[in-house]
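>>> What follows is a predicted protein model with its sequence.
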Amino acid sequence: MTTTDDHRVNNSVLLVEDDPLVVHALALSLRKSGYEVTVAGDFDQALERFESAGEFDVVVTDLLMPGGTGLDLLKHIETQDPDLPVIIVTADQSVQAAAEAVREHAFDYLTKPVSRAQLLETVSRAIEHRQETTVEKHAQVRLQEEHRQLAIRHQKTAMLLSVLYDRAVEGILVLDEAGRLVDASESFVALVGEPLYELLDIDIRELFEPHPTEGDIQDRVVSLAKGPASSSHWRGEVTVYAGRGRHLPAKMSLSVCEMPQVDGEERTRYVLALLYYEIGYEQLSRQLQQADRLATIGLLAGSAAHEIKNELGPLLGYLTMIEKGSADPVGSGMIGIMRESVRRVHQHVEQILEPLRPRVRTRGAVVIGVSIDGILALLRRAGKLRRIKLSVEQRGDEDVVVHADKDEVHQIALNLITNAIDALGDGDGSDRGNIEICTWYEHDWGVLEVRDDGAGIAEELRARVFEPFFTTKGSGGTGLGLPVVNDIVRSLKGRVTLDTNGDRGTVVTVWVPRYKPGG
């Protein structure tokens, strides 16, 4: 026999009824509609069928039967299969009986006599509910398993990120929108030599010195955090206040991270800072300064060669006269003159060799003006100051004395002055321009400022002029001058700034600790 309800084939029903006529009628209606029906005549038989026959899709049970009630059977089934729908059938038409059945989680309640249509419609709904519940349950189980796997993965990722965060050689910092420290990696904590709890909520400007052209890094962080997404990244040079009084140069990358909105709260922005620094910086610093000394030898050699040539001319003439016996070397005083010439030649050679000699720095009182006078004398002999209007000013009545090594001050001033000379160019045969050198005291600092009215430095290049080997002079420059100046000043715990001089030209200002007798 063909049924119009083919989709119901293989759906199984446990029918519990002690009245043979009723059970026959109900079972016949279900079977004609394609259901597999298992019949039980009392409570005990129903339990036996339920335990042994396997899974049913729906249970239709009489409320009153020998051995127990339909509600007792419902309670037992609920302990084994809480999603199995149970339909209660009874001759009791009272509201109380229906309410009790619903209270005990029955799927539905039917009163006798039960029509075929009513039975099939209720069983069909119960099976659909069973199928939907099964699908939802399987989906929920699958989702729970996916969540479990994701939780395991996230836990492993969090552990890995935690290891990377704290073991990374690079320093990692998390900053809020005001530029205050939220968290930091162990590598950065070890670098600055302070415990993390002392660093939390600290203003980042207390950890980094101002950049010569970029200013305070805190201003950069605030600008990024409050700016548009299109400008949420920055890379540049910084200097860390490292432990034991060190000033360590580093490269920093800033990125804005926005936390997702939770429970209606406003989105929070953080700035992630990645910091790369060279652990062997002290050795690299010495190498750069030695390279800068080598770069000045050409200047020194040019001046000294001219002076040596001037001294050798008279010496050769006197030696020729002595050789021919035309002059008395003692009586004429030639020996004394020749000895003085040889002494000056030796002095010029020593001047060339001096930058190559390793020496131990001895920091003490150094008069900036004395170093400047010596440098200008050297540059004049080398012909570097021709057609340049030069002014040297000392503000105040007393010499500006700083706490440094004399070679450090010499190297700082020489680089700043030669950079200013190079910025003026050759002038095409006319006056090349102006250079102003000024020194003064500013609280606990001795200040040296060098101004020129040359071509200046393009805005996009200003931040790079303190990078080693970066030069705006083409093949004529080494790219060491300003980086070495910045490096030496940092070692003195001072500061360098570079700015424009009006419409053109450059101003470089150096602050070095003031010398304090007995300090």
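Thanks, I have it. Numbering: from 1, shown residues only.
>>> give me the low-pLDDT residue ranges for the stretch 151-300 of the chain?
The model of the stretch 151-300 of the chain has pLDDT under 70 over residues 157-169, 229-230, 244, 261-267, 278-300.
>>> so where do the helices sit in it?
Assigned helices in the stretch 151-300 of the chain, in chain order: 186-192, 196-199, 217-226, 281-324 (criterion: DSSP state H, counting those that start in this stretch).
>>> just how off-centre is stretch 216-223 within its chain?
Counting by Cα atoms, centre = their mean, to the nearest Å, stretch 216-223 is centred 14 Å from the centre of its parent chain.
>>> Which residues does it contact?
175, 177-179, 203-205, 208, 210-211, 214, 234, 236, 238, 252, 254, 271, 273 (Cβ atoms under 8 Å, 6 or more residues apart in numbering). Using the backbone N, CA and C atoms, a C-beta is placed for each residue, glycine as well.
>>> Name the residues of it that come out as buried.
Buried residues in stretch 216-223, counted by 16 or more other Cβ atoms under 10 Å: 216, 217, 218, 220, 221, 222.
>>> Now do the third one against residue 179, distance only.
With distances taken as Cβ to Cβ, to the nearest Å, residue 218 is found 4 Å from residue 179.
>>> list the residues that contact both of those two?
Listed contacts common to residue 218 and residue 179 are 203, 204, 205; contacts here mean Cβ under 8 Å, 6+ apart.
>>> State the distance from residue 110 to residue 27.
Noted for residue 110: a distance of 15 Å to residue 27, by Cβ to Cβ.
>>> Equivalent analysis for residue 339, please.
In terms of Cβ to Cβ, residue 339 sits 139 Å off from residue 27.
>>> Redo the shared contacts of residue 218 and residue 179 as CSV? Include neighbour count.
Shown next, in CSV, are the shared contacts of residue 218 and residue 179 (neighbours: other Cβ atoms under 10 Å):
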residue, neighbour count
203, 14
204, 24
205, 17
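>>> In the stretch 351-500 of the chain, what residue spans correspond to strands?
364-367, 388-394, 401-404, 433-442, 445-452, 495-500 (DSSP state E, counting those that start in this stretch).
>>> Would you format those strands as JSON lines with mean neighbour count included?
Shown next, in JSON lines, are the strands of the stretch 351-500 of the chain (neighbours: other Cβ under 10 Å):
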{"stretch": "strand 364-367", "mean neighbour count": "16"}
{"stretch": "strand 388-394", "mean neighbour count": "13"}
{"stretch": "strand 401-404", "mean neighbour count": "23"}
{"stretch": "strand 433-442", "mean neighbour count": "18"}
{"stretch": "strand 445-452", "mean neighbour count": "22"}
{"stretch": "strand 495-500", "mean neighbour count": "18"}
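>>> I'd like the ones you listed laid out as a markdown table, including mean pLDDT.
Putting the strands of the stretch 351-500 of the chain into a markdown table (pLDDT from 0 to 100) gives the following:
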| stretch | mean pLDDT |
| --- | --- |
| strand 364-367 | 92 |
| strand 388-394 | 93 |
| strand 401-404 | 93 |
| strand 433-442 | 94 |
| strand 445-452 | 94 |
| strand 495-500 | 87 |
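>>> quick one: which of those strands is nearest residue 512?
Of all these, strand 401-404 sits nearest to residue 512, with 4.3 Å by Cβ to Cβ.
>>> Same list, the buried residues of stretch 216-223, but as CSV with distance to residue 114 please.
Shown next, in CSV, are the buried residues of stretch 216-223 (distance: Cβ to Cβ, whole Å):
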residue, distance to residue 114
216, 85
217, 82
218, 81
220, 81
221, 77
222, 77
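>>> Narrow the contacts of stretch 216-223 to just the buried residues.
175, 179, 204-205, 208, 210-211, 214, 234, 236, 238, 252, 254, 271, 273.
>>> Which single one of those is nearest to residue 132?
Checking those one by one against residue 132 (Cβ to Cβ), the nearest turns out to be residue 271, at 49.5 Å.
>>> Can you tell me who that closest one pairs with across the strands?
On the basis of DSSP bridges, residue 271 is bridged to residue 175, residue 256.
>>> Is residue 112 in contact with residue 23, as I believe?
No. With contact defined as Cβ atoms under 8 Å, residue 112 and residue 23 do not form a contacting pair (11.9 Å).
>>> out of the two, which sits in the more crowded spot?
Between residue 112 and residue 23, counting by other Cβ atoms under 10 Å, residue 23 is the more crowded of the two (19 against 14).
>>> Just the CA trace of the one helix or strand that one maps to, in CSV.
Element membership of residue 23, judged by DSSP states H and E, is helix 20-32. Extracted C-alpha coordinates of helix 20-32, given in CSV (Å, rounded to 0.1, in the frame of the first residue of the first chain):
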residue,chain,number,x,y,z
PRO,A,20,-7.0,-3.5,23.3
LEU,A,21,-9.6,-1.7,21.2
VAL,A,22,-8.0,1.7,21.6
VAL,A,23,-4.5,0.5,21.1
HIS,A,24,-5.6,-1.3,17.9
ALA,A,25,-7.3,1.8,16.5
LEU,A,26,-4.4,4.1,17.3
ALA,A,27,-1.7,1.7,16.1
LEU,A,28,-3.6,1.1,12.8
SER,A,29,-3.9,4.8,12.1
LEU,A,30,-0.1,5.3,12.7
ARG,A,31,1.0,2.4,10.6
LYS,A,32,-1.2,3.5,7.7
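>>> relative to helix 20-32, how tilted is the helix or strand that that helix is followed by?
With elements assigned by DSSP H and E, the helix or strand that comes after helix 20-32 is strand 36-40. On the basis of axes from the mean of the first three to the mean of the last three Cα atoms, to 10 degrees, strand 36-40 is oriented at 160 degrees to helix 20-32.
>>> where's strand 36-40 relative to the chain centroid, distance-wise?
In this view, strand 36-40 has its centroid 71 Å away from the chain centroid, taken as Cα atoms, centre = their mean.
>>> The chain should start at 13 in everything you say after this.
Yep, numbering from 13; the last one is strand 48-52 now.
>>> In its sheet, which strands sit next to it, and in what direction?
Short version: by DSSP bridges, strand 48-52 pairs with strand 24-28 (parallel).
>>> what's the model's confidence in the partner strand, averaged?
Across strand 24-28, pLDDT averages out at 92.
>>> Mind listing residues that contact it?
Strand 24-28 is contacted from outside by 35, 38-39, 42, 47-55, 57-58, 61-62, 65, 67-74, 77, 82, 85, 135, using Cβ under 8 Å, 6+ apart.
>>> Likewise for stretch 207-219?
185, 187, 191-196, 201, 204, 228-230, 233, 252-253.
>>> switch to 10 Å and redo it
Applying Cβ atoms under 10 Å, 6 or more residues apart in numbering, the external contacts of stretch 207-219 come out as 183, 185, 187-188, 190-198, 200-201, 203-204, 206, 227-234, 250, 252-254, 283, 285, 287.
>>> do you know how far the nearest residue to residue 244 once chain neighbours are set aside is from residue 45?
Nearest residue to residue 244, sequence neighbours excluded (Cβ to Cβ, 6 or more residues apart in numbering): residue 268, at 3.7 Å. Taking Cβ to Cβ as the measure, residue 268 falls 66 Å from residue 45.
>>> next one: residue 387
Residue 387 is 110 Å from residue 45, by Cβ to Cβ.
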